[in-house]
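S.K.: Please work out how this folds:
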Amino acid sequence: MDSVYPALSGALAQEKRLEMITNNLANVSTSGFKKDFALFEGLTPKVDALTHPIEEVLLVDATYGTLVDIVTDFSAGDIQVTNEPLDIAIQGEGFFGVQSPNGVQYTRSGHFTLDAAGQVVTMQGYPVLGGSGPIILPSGQVTIQSDGTLFVNEVGADPVEIDQIPIYVVSDPSTLEKVGGNLFTVTRGQAIQSLEASLQQGALEGSNVNPVEEMVAMIDVMRLYEAAQKAIQTADTIQASASNDIGAL
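M.R.: Purely as a prediction, here's the structure:
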């Protein structure tokens, strides 16, 4: 049975890779989403996901490879203008801080709204963090400068500075772990406030998923999975035949 194990490991690895590709495709329209890609031991070079875009990673024939890791590609998506005052795109590196039920978490999605209490929140209802906690806005026209300074212009009054939206960065992107809802948590070290962040109001960063690339990768997965299946069937047939021949003797 030892001859079956390499092909079986390859088939299982391709199943996991297919799950990853399916998730990428499901989030092709999710603002700020970062796609994942697979690394196979001995077949795919280990790369720094921050300095080497996914296009530079060569995924060679991995039918019998061992899946080592699922790595997130943090390259930026295209900026899409929405003209919505609480849509904010980060230009360059960094994340918004969000107060989730599991503590402070981070997201690239700047698709925000107001809750009943006037707090700026994510689509899940989690408060977006300002300089000193959740951001609460009075009624009026909202203006957000490139450095994150947030003003509200009430009717008949001058603009009033309310808060400043900090942008957080981590030195090592591999310390960020996806936790669902387009959120990340820092597994080691901590996120620090960036002094070089630039924001664009009335715009969103799109997903960095290329649907054509993902469909090509899906076809490749199916081809490799079928090859692994045939190898398993062939090995099983040979072993069955050998057992029968030995028994006949």
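S.K.: drop to CA atoms for contacts and neighbour counts, all remaining ones
M.R.: Noted.
S.K.: Who are the contact partners of the residue nearest in space to the middle of the chain?
M.R.: Averaging the C-alpha coordinates of the chain gives a centre point, and the residue nearest to it by Cα atoms, centre = their mean is Lys34 (3.0 Å). By Cα atoms under 8 Å, 6 or more residues apart in numbering, the contact list for Lys34 reads Thr72, Asp73, Phe74, Ser75, Ser207, Asn208, Val209.
S.K.: so the second one makes contact with Phe33?
M.R.: No - distance between Asp73 and Phe33: 9.7 Å, which falls outside the contact criterion (Cα atoms under 8 Å).
S.K.: Between those two, which is the more surrounded one?
M.R.: Between Asp73 and Phe33, counting by other Cα atoms under 10 Å, Phe33 is the more crowded of the two (25 against 22).
S.K.: Helix or strand for the more buried one, just tell me which one.
M.R.: In the assignment (DSSP states H and E), Phe33 maps to no helix and no strand.
S.K.: same check, this time on Val221
M.R.: With secondary structure defined by DSSP H and E, Val221 is part of helix 211-248.
S.K.: Nearest residue to Asn210 in space, ignoring adjacent ones along the chain?
M.R.: Nearest residue to Asn210, sequence neighbours excluded (Cα to Cα, 6 or more residues apart in numbering): Val28, at 7.4 Å.
S.K.: Ala38 and Pro166, how far apart?
M.R.: Distance of Ala38 to Pro166, given as Cα to Cα, to the nearest Å: 32 Å.
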